[in-house]
Structures are given as structure tokens and as C-alpha cells.
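**Q** coords please:
(chains A, B, C and D)
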There are 2 protein chains.
Amino acid sequence: MTGPVMTGPVMTGTGASSSRHPANDAWEALLSAHAALMKQFAAEEIWAEVSMREYDVLYTLAKCREPIRISELHRHVLLSQPALSRMVDRLVRRGLIEREPDPADGRGVRLSLTSAGRAIQRQVGRQHARSVARDMTARLSRSELGQLEAICLKLASTTANDESEGSRQ
Amino acid sequence: MTGPVMTGPVMTGTGASSSRHPANDAWEALLSAHAALMKQFAAEEIWAEVSMREYDVLYTLAKCREPIRISELHRHVLLSQPALSRMVDRLVRRGLIEREPDPADGRGVRLSLTSAGRAIQRQVGRQHARSVARDMTARLSRSELGQLEAICLKLASTTANDESEGSRQ
DNA sequence: GTTAAGTACATGCAAACGCATATAACTTGC
DNA sequence: GCAAGTTATATGCGTTTGCATGTACTTAAC
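**A** Numbers count the residues shown, from 1 in each chain, chains lettered A, B, ... in the order given. I've put the predicted structure just below:
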């Protein structure tokens, strides 16, 4: 396996046995679940060709019908822009994705999977999806899975709005 | 790897609504929520003294009433053992944690926060906890927070120690 | 007690990361 | 059209990561 794994979790709270606010408990539980599952998936023997982070990029590209910008990709991946730029570089050199100038914007790049990249994404994705389904259904009922998805989608949406600004409190 | 998401305008605007199994949709949503919130928290200006990953270590230590082993710490943190070993090394050099030999096991080390480390953990933790509470409650109701915590705790529990491994062949 | 196997942590090294900054192209105000 | 500001991506550089492996200690087998 190459370099699976791990984007840092961060715990919350002040260190007391239990946080005061239910939001902090929920976040901490989410981090624990994320870390636990990530470790389990990383232990699978399917990451020889691409690391989990690279797979994430391939997967995101696979979901797009048309080429996308690096900046768009960046919105979905937990990496700094320079790190993503270089990962794209490596994947291009390995022949898994294609980078072409954007005709509409000279600064931009348009990324898409090559057929080799798509093949690897599919192959790894099929196996990985099986692991995910196995591990998740082993712990959660169907309705819990539905609840989890709905709640997490709520959490994921609307993220980029609140930036600096004083919403002090 | 992060979850590919479906939030952008360019992304999967239509078809490809879902994976085959609800477990995969739930996992993808969890990854999206994790990435979105992590980015938002990382953008806070409270990480000057310690990075989020370092804070995670300090927080884990703060939760323990007695010194713990690196291997124990490793169970809670999404880092490789060598990376964690070195992070501990840095935190010791910075005077935030203490490393003493384990009297019961000559191979092991016992880690604990120094008072400086505890002070920083508390200070950062207080601010971070506020951000977490603000961002989570902005999107979820109290009952949703409770559901999320319960479901994630289920995911984190057995998932962590389950070592199915297998399926090599 | 001696050897073999296992566990806990550390270290060498190349790869990958983040931050700051550079470069190039688009946009705006005049 | 041109300077000034903004956006999209790339690059320099020091730091951190993971993998492979080393070292030290413990446990099991004989």
C-alpha cells in the first residue's frame, strides 16, 4: 500500500470528561467515527496503485461529466491548493488524469480522467465500496444510515459562507 | 480520502444521484461533512501556537487523568506511529508534554501534559469549542445533534477494534 | 536460561505537505 | 488602453508524513 490515510482529526472541547454543549459531543463523535473508519479502510489491501487521497481526486473527477477546474476540485478535497496542484501534476505524469488549458479562462486548467484513470478508479472504487458497505451496515441499521446521510448533508452544505465577520459570541 | 461531494454547480448536476448502497451514500456524506467543517475550523485564527493535529494530541492527553502510552494515543489519532512518535518528540521539545519511561514496561513511554501544555490546550480548546458549537448548531437541531452523536459513536465503537484483515488471496 | 517470536517506540530517507510567494490572466476604474 | 486589484495555478523551501527498518524490551517455548 502506498500512502493511504489520514487527514487529521481534531477533537473539541476543553478537556473535561464531556463537553458542555451537545454540538461538541456530536463533533467529537463524528471525528472518532471518521478516524476509526479511515483506519479500517486504509488497512484494506486495495491501495497499491493509488493512495486514498489520490483515489479521492479520481473519484471526484469520475463524478463529473465534464472537465473541472483545480479550484473546483479543491472545494471537495481536504488538501491545500499547492498540494492539490502537485498531486494533479503527479497524476498527470502517471497518465491517470489529463490537464488541458481552459479555452474560456487562460488562467485555468480543465481536468479530466484518462481512460486509464477511469479504469483504476472503477476497479478500486468497486472494492472500496464493498468495504464501506460491509463496515457501515455492520454497525448501523438502514434507517440510521439514512439519518446519518441526511444530517451529514446538512452539515456539509452552506459551508463557505460564514468567513471572517464578527458574529462574535 | 475525502468524500466526493455533490455540492458544486459543475459537479454531478443531475444523474448519478447515488451509490448503489445507502451505506456508501452515508459514508460519502460523512466525509463531506468532515471535510467541510475541518476547512472551516482550520480557517479560524486560533492555530498559531499548535496545529489542529497537535491540538488533537493535547486534547486526547487532557482527557486522560493518568499518563498514557504512545500506542494508546495512536488509537485515537489518525497518524502513523512514526509520525506520532515524532510529533510527541516535538511537543516534548516545546515543553507542552512530558515523556517518562514506563516503570512497568521498559519498552513503553508514559505521556502527560505539562502545565504549559494544559494551559495551551485549555485556551485553544475554549475557542475551538465555541466555533464548533456555533457551526454545528447553525445547521442542526438539538435532536439532530443527539442523533448524530449516537450514530457516530456506534460507528466508532466496534469499528475501531474490528480487525477483519483477511481477503488477501 | 537460552533462543525465538512479538511488542513499543525510534530513526533513515524519499515523498508529500503547508505557507509564502511568484506568475499569468482576467477584471475594474479611469 | 493602462495601472491596480483579483483570481487561478505553480514553485521555492522548510517541515511533516509514511514506509521500511532498527533497537530495546517482553513474552513464549523449550
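**Q** kindly report the residues of chain A close to DNA strand C.
**A** Proximity of chain A to DNA strand C (Cβ under 7 Å from any atom of the strand) is limited to residues A:3, A:53, A:78-80, A:82-83, A:86-87, A:90, A:105-107. Backbone N, C-alpha and C define where each C-beta goes, glycine included.
**Q** touching the longest strand seen in chain A from outside, list them.
**A** Longest strand in chain A by number of residues (criterion: DSSP state E): strand A:105-113. The contact list for strand A:105-113 (Cβ atoms under 8 Å, 6 or more residues apart in numbering or on different chains) reads A:58, A:61-62, A:64, A:66-71, A:73, A:88, A:96-102, A:121.
**Q** distance from the chain centre to the longest helix anywhere in chain A, please.
**A** Ranked by number of residues, the top helix in chain A under DSSP state H is helix A:115-139. Centroid displacement of helix A:115-139 relative to its chain, using Cα atoms, centre = their mean, to the nearest Å, is 14 Å.
**Q** circling back: can you pick out the most distant pair from the residues of chain A next to DNA strand C?
**A** By the measure Cβ to Cβ, A:Gly3 and A:Gly106 form the most distant pair in the residues of chain A next to DNA strand C, at 33.5 Å.
**Q** all the strands of chain A, residue numbers only.
**A** Counting by DSSP E, the strands of chain A are A:97-102, A:105-113.
**Q** what's the closest of these to DNA strand D?
**A** Each of the strands of chain A has some distance to DNA strand D by Cβ to the nearest atom of the strand; the shortest is strand A:105-113, at 3.6 Å.
**Q** relative to strand A:97-102, how tilted is the closest one?
**A** Angle of strand A:105-113 versus strand A:97-102, following axes from the mean of the first three to the mean of the last three Cα atoms, to 10 degrees, is 160 degrees.
**Q** and strand A:105-113, what's buried?
**A** By 16 or more other Cβ atoms under 10 Å in any protein chain shown, the buried positions in strand A:105-113 come out as A:Gly108, A:Val109, A:Arg110, A:Leu111, A:Ser112, A:Leu113.
**Q** bridging residues for the last one?
**A** The bridge-partner assignment for A:Leu113, based on DSSP bridges, gives A:Ile97.
**Q** how far away is it from A:Val92?
**A** Note on A:Leu113: its distance to A:Val92, by Cβ to Cβ, to the nearest Å, is 11 Å.
**Q** quick check: neighbours shared by those two?
**A** Between them, A:Leu113 and A:Val92 share the contacting residues A:Glu98, judged by Cβ under 8 Å, 6+ apart.
**Q** picking up where we left off before, pLDDT of the longest strand of chain A, averaged?
**A** The average pLDDT within strand A:105-113 is 95.
**Q** now it, how far from the centre of its chain.
**A** The chain centroid and the centroid of strand A:105-113 are separated by 21 Å under Cα atoms, centre = their mean.
**Q** which of the strands of chain A sits closest to B:Asp25?
**A** Nearest to B:Asp25, of all the strands of chain A, is strand A:105-113, at 21.7 Å by Cβ to Cβ.
**Q** near DNA strand D at all, that closest one?
**A** Yes - if you take Cβ under 7 Å from any atom of the strand as the test, strand A:105-113 does meet DNA strand D, through A:Asp105, A:Arg107, A:Gly108, A:Val109.
**Q** again, but for stretch A:73-88
**A** Yes - with Cβ under 7 Å from any atom of the strand as the criterion, DNA strand D is reached by stretch A:73-88 at A:His74, A:Gln81, A:Pro82, A:Ser85, A:Arg86, A:Val88.
**Q** can you tell me which of those residues are in helices?
**A** Checking the residues of stretch A:73-88 next to DNA strand D against DSSP H, those in helices are A:His74, A:Gln81, A:Pro82, A:Ser85, A:Arg86, A:Val88.
**Q** am I right that the fourth one is in contact with A:Arg69?
**A** No - counting by Cβ atoms under 8 Å, A:Arg69 is not a contact partner of A:Ser85; they are 11.4 Å apart.
**Q** sorry, back to before: kindly reformat the buried residues of strand A:105-113 as a markdown table containing distance to A:Cys152.
**A** Output for the buried residues of strand A:105-113, formatted as a markdown table (distance: Cβ to Cβ, whole Å):
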| residue | distance to A:Cys152 |
| --- | --- |
| A:Gly108 | 30 |
| A:Val109 | 30 |
| A:Arg110 | 30 |
| A:Leu111 | 26 |
| A:Ser112 | 28 |
| A:Leu113 | 26 |
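**Q** which one of these is nearest A:Leu37?
**A** Distances from A:Leu37 to the buried residues of strand A:105-113, taken by Cβ to Cβ, are shortest for A:Leu113, at 25.6 Å.
**Q** low-confidence bits of chain A, can you list those?
**A** Low-confidence segments of chain A (pLDDT under 70): A:1-19, A:158-169.
**Q** just to revisit the earlier point, can you turn the buried part of the contacts of strand A:105-113 into a ChimeraX selection?
**A** If you want just the buried ones from these in ChimeraX, going by 16+ other Cβ under 10 Å, the selection is:
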select /A:58,61,62,64,67,68,69,70,73,88,96,97,98,121
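**Q** what about the residue lying closest to A:Ala150 once chain neighbours are set aside, how many neighbours?
**A** Nearest residue to A:Ala150 in three dimensions, chain neighbours excluded: B:Ala29, at 7.9 Å (Cβ to Cβ, 6 or more residues apart in numbering or on different chains). Neighbours of B:Ala29 under the rule other Cβ atoms under 10 Å in any protein chain shown: 23.
**Q** right, I'll call it a day here.
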